[in-house]
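> need coordinates for the below:
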Amino acid sequence: MRAMLIAAPSLMAIAVATPAWAQQAGAAGQQSNAPTAVQPALPNTSDTSAAQSARPQDESSAPSNAQTNTTPNDGADIVVTGLRGSLQRNLDIKRDAVGVVDAISAEDIGKFPDSNVAASLQRLPGVSIQRDGARGEATGITVRGFGGDFNETLFDGRRVSTATGGRSVDFSTVGSDFVGQINVLKTPDVSLSSDSLGATVNILFPKPFDHPGLRIAASGSGSYQQDSKKVVPTGGLLFSDTFGDDKFGILADVAYSRHDTQSNQAYINGFGFGYYAPCQLSGSTAATCAPTSAAANAGGVATDPNNLTSVRGAFPQQYGLAQLYTRDERVDARIALQWHPSEQVMVTLDENFSRQTINQDSNGYGIWFNAGNLRNVKLDSNGVPLTFSQAGTQTDFNATTNSNVTQLSQTGLNVKWDVTDNFSVDADASYSKSWRNPDGRVSSQNGDIGYGYGIGPNLGLVINGNSDKSIPALVNYGVNGDPTRFADSSVFGSHVTVNSAQKNTDVIKQLRASGQWKQDDFTIKFGGSYVEDKFNIQSSDTFANNFWQAYSGYGPASGNNGGVALPASLITGTINTNNWLPGFSGNLAGPIPIYSAAAYQAYLGSLGDPHTKNIPGFNYGDATIAANNFTGAFDVKLAPGSVQQITEKTWGGFVRASFKTEIAGMPLQFNAGVREEVTNIVSNGLGQVPGTLVQGTGDKTLLTVLYTSSTPVPVSTKSSYAYLLPSLDMKLNITDNFDVRFDASRTLTRPNLNFLTPVLNVGSGQRTGAFTATGGNPTLKPYLSDNFDLTGEWYFRRNSYIAVDLFLKNVSNFIVTGVNRQSINNVIDPNTGLPAQFAVSSRVNGPNATVRGIELAAQQVFGDSGFGFQANATFVNTTKPYDPNDFTQTGFAVTGLANSANFVPFYDKNGFQIRAALNWRDKYLLQFGQAQNNGAFGAEPTFVNSSLQVDLSSSWDITKRISVFGEILNVNNETYSTHGRYDNQLLTAYGYGRRFTLGVHFRL
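Next up is the predicted model:
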């Protein structure tokens, strides 16, 4: 009976919880590091008394009427509700767990603290978020410096499939409307999982027997983002009921949400380091300037030292601005059926479904730079160019429509059976499938127009500040250097046309079973699991058939035979670039013309079939376009190098012993367990060897790869590994109010599935100065971490505590992304006549590192005033920090590490609550690699600048059934920005504005 009560998460219970449960939630499950909410629907058991006796109370920790906003009913239970009730439940879960666990629970039925799950999680110590810059949404989390792929996310204890190829879950795809509780396990529970270096995030959904009888919750709201100028809806409905003498139950919920966001972006796609020739530098008096590499010089091409590329410096590959309008729509639905035939048996069948559709339109411009063409380069002391110019620079205007669907379906069956008073079993099976664009849609449609060559200016760029406050600015821009003609549509011609279609699937089959024997203060739990993960990815695009270059060249106004002139009617408006990003300076070129990628492609298609009639400006010089049967439509073709089929099978077994005792009169709880995992991997792909680089006739900077064989060759490899993962947890109650914990464990994180492809992929579309290739490694081993925690927690009164957590992680098998410049199959670069140098990205298991830090947390409610606060701060460092001045590094340092702090003051009394959330995160290294990574010194870094975002939320209970709520996100209009090796190497900056929400909530 007791095992069944512990098992299910509780949303309904939160709405009707008693303080005995609120104070001790999870106490009955305290032998586990993964506390779950109790089902109060069934007859009382000894769990209640056990929970009440699990932790002594004194006067300071006992509930008071003032703190609960209720009146005692002659000894009846006091109901803790609202924000403070939720905070108290979170504290109880934290304190009753043996390991290091933090939790967030719903404030009421259908009332999670934030509209975004990740935004709620960042209030926890050691947890910070990662944002999607264009939307401003919190899409991922970092725990103690370890990012999304290092943290395992479970739905009711089950692995979740993701169609991205990574291990992380995009939290913007998880609706928070009817989430009951989230547990963040910073130390592992071997009976659940040991597959995360950061944390295991277990999202718990409601079940009908969480509380019997009829329950209905509904909500509706509208949100308004300040720049989109639209009010868009969000709504949800939950229904739950039990019947048949409480032997059957059903719960169903559905939620719809939409967010519209208009954002502005400034970017430099790739800001890597290479070498300049002295003749390129400001002040050079060289008569001629023909930059030549040392390799070419060594090959017998003698050159003047002024022309030898010997001065280290960075160069921006592509600079631009873009305005994006994003429509993010999500549907979440869930149904849970429960059968409770006897006191000893509970059977649960549930289905989770979600579908997120993100449509995004953007207009902007992009300026392409080639390092060898830059002149008058002025470098700062770090080698970052502060000014330079480039003669005859093309000016590209871009229109893109992206449309991507992410869909998930997860079905699970769970059986719990109390075989005897001492022995219980738990069996669970689930099937999860996720899709990326299941309908096979064209996920990105692009149109690139502009002018260049004959009328391209001697364009320059000025960098005059750091990436968190200044946007690099163009100088001498516009037709023939006339800034008033920057967006002169009379000279616009067609250029490249890129379409792509990404289609992925990920299927996870999971089985697990466990048995538990409990007698007195001793418990032993054992079991096993099997997880099969099949990941498939493929991409089709207009590079594979070379249709992207069909009308490249900018048209006759630019003095080129390639490309066609475009009608002025395609341009439907312009975008002013003044005050582009809040808090950023920079005089930006503009305006930006507005046009549709679909309309642009339709116009080119209306010109007809270039093989049945002559169309001046069509790229007749490229035979591959005709060979792929271009008739006017920009159809996509499968890119063989993109095909990946990865199958990962993992068998696991565990045993864990737990007991309670006393040391010198102090209660001690102790867990010792071990988990063994064996993993087998099969990796399949399609390989192609490049044979020739063909230069474009319309645009000499564009190149097409011709392969040695038109038929891709299947490639398949196998690999395996096995690890023993022990865990130890101890909690000592020094006093009634002060606890000390010690935890030691070994955990692992598997490499992303898309890292395991067995082929070297050289894309068919290349560009001068930016030859790239990617290589997979199917034999990658997982990251391993030995973890230690020492924690002190003082619960000095109800709903109030102070905690200090010291942690240390020794991590080995770090996966390093290296970029080597090398020739491939001796393919010749037609620009130089020498072997082309490709920037080849590949991954290997590399060095070790130690991460250490301290978490500080406090929470306090001030008596009967209704006021209180939460506060926490995390400080981390590592033995492997990134040194920007070390050019011998090949892409290794611990990513994600940043100091962070959160402060949440609140007021909650008499049915009214208001809360502010101040969330700060310092600068951190996000990853190695940039959008275009062609530097000479390995994978260049991407840093995220520090940020402080302030959010406000409030609600008011009009009646016992109806409440209204409001929310203002990003009150201070914070931005998101990144930079390269040095602070003034801006990579991208987004302004995503403020969002306002107003709604109503109903419960029955």
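> please count neighbours and contacts with C-alpha atoms only from this point.
Will do.
> below-threshold pLDDT in the stretch 901-1004 of the chain: ranges please.
933-934 (pLDDT under 70).
> just the helices in it please.
Shown for the stretch 901-1004 of the chain, no helices are assigned by DSSP state H, counting those that start in this stretch.
> same question for the stretch 451-600 of the chain.
Using DSSP H, counting those that start in this stretch, helices in the stretch 451-600 of the chain cover 597-606.
> can you give me the strands in it?
459-462, 473-475, 493-494, 499-519, 522-541, 573-575, 592-594 (DSSP state E, counting those that start in this stretch).
> need the winner for burial among these.
strand 493-494 (a mean of 28; mean count of other C-alpha atoms under 10 Å).
> could you point out the longest helix in the protein?
Assignment by DSSP state H gives helix 82-96 as the longest helix of the chain.
> relative orientation of the host helix or strand of V678 and strand 522-541 in degrees?
In this assignment (DSSP states H and E), V678 forms part of strand 666-687. Angle, strand 666-687 to strand 522-541, by axes from the mean of the first three to the mean of the last three C-alpha atoms, to 10 degrees: 30 degrees.
> helices and strands around strand 666-687, which ones?
strand 644-663, strand 713-733 (3 or more C-alpha pairs under 8 Å, 6 or more residues apart in numbering; DSSP states H and E).
> hmm, back to that, any chance of the strands of the stretch 451-600 of the chain in a markdown table with distance to Q226 as columns?
What follows is those, written out as a markdown table (distance: least, C-alpha to C-alpha, whole Å):
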| stretch | distance to Q226 |
| --- | --- |
| strand 459-462 | 31 |
| strand 473-475 | 26 |
| strand 493-494 | 34 |
| strand 499-519 | 31 |
| strand 522-541 | 35 |
| strand 573-575 | 17 |
| strand 592-594 | 20 |
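> go through those and name the closest to V345.
strand 499-519 (14.2 Å; C-alpha to C-alpha).
> helices or strands up against that closest one?
Against strand 499-519 (3+ C-alpha pairs under 8 Å, 6+ apart) you get strand 158-159, strand 423-436, strand 444-451, strand 522-541.
> can you redo those as a markdown table with mean pLDDT and distance to P233?
Listed next are the helices and strands packed on strand 499-519 as a markdown table, based on pLDDT from 0 to 100; distance: least, C-alpha to C-alpha, whole Å:
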| stretch | mean pLDDT | distance to P233 |
| --- | --- | --- |
| strand 158-159 | 93 | 31 |
| strand 423-436 | 96 | 25 |
| strand 444-451 | 96 | 26 |
| strand 522-541 | 95 | 33 |
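> nearest to Q323, out of those strands?
strand 444-451 (14.4 Å).
> mind telling me what element I625 is part of?
Per DSSP H and E: helix 623-627 holds I625.
> which strands or helices does that helix pack on?
Counting by 3+ C-alpha pairs under 8 Å, 6+ apart, helix 623-627 packs on no helix or strand.
> can you name the element that comes right after that helix?
strand 637-638.
> contacts for that next one?
Residues outside strand 637-638 that contact it (C-alpha atoms under 8 Å, 6 or more residues apart in numbering): Q538, S539, S540, D541, T542, F543, A544, N545.
> same question for that strand, mean pLDDT?
Strand 637-638 comes out with an average pLDDT of 92.
> strand partners of it, parallel vs antiparallel please.
In the sheet, strand 637-638 lines up against strand 522-541 (antiparallel) (DSSP bridges).
> only C-alpha atoms, please: export the partner strand in CSV.
Provided in CSV are the C-alpha atoms of strand 522-541 (Å, rounded to 0.1, in the frame of the first residue of the first chain):
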residue,chain,number,x,y,z
PHE,A,522,16.3,-1.0,6.9
THR,A,523,15.4,-1.0,3.2
ILE,A,524,16.9,-2.7,0.3
LYS,A,525,15.9,-1.9,-3.3
PHE,A,526,17.1,-3.7,-6.4
GLY,A,527,16.2,-3.8,-10.1
GLY,A,528,17.1,-3.4,-13.7
SER,A,529,16.3,-1.5,-16.8
TYR,A,530,16.7,-1.5,-20.6
VAL,A,531,16.7,1.6,-22.8
GLU,A,532,16.9,1.5,-26.6
ASP,A,533,17.3,4.8,-28.4
LYS,A,534,17.1,5.0,-32.2
PHE,A,535,18.0,8.4,-33.8
ASN,A,536,17.6,9.2,-37.5
ILE,A,537,18.5,12.4,-39.2
GLN,A,538,18.5,13.6,-42.7
SER,A,539,18.6,16.9,-44.5
SER,A,540,17.7,18.0,-48.0
ASP,A,541,18.7,21.3,-49.5
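> now the angle between strand 499-519 and it, please.
Using the same axes, to 10 degrees: strand 522-541 against strand 499-519 is 170 degrees.
> and strand 522-541 with strand 644-663, angle?
Using the same axes, to 10 degrees: strand 522-541 against strand 644-663 is 160 degrees.
> quickly find the element holding the residue nearest the centre of the chain.
With distances taken as C-alpha atoms, centre = their mean, the residue of the chain nearest its centroid is G140 (4.0 Å). Remark: G140 resides in strand 137-143, with elements defined by DSSP H and E.
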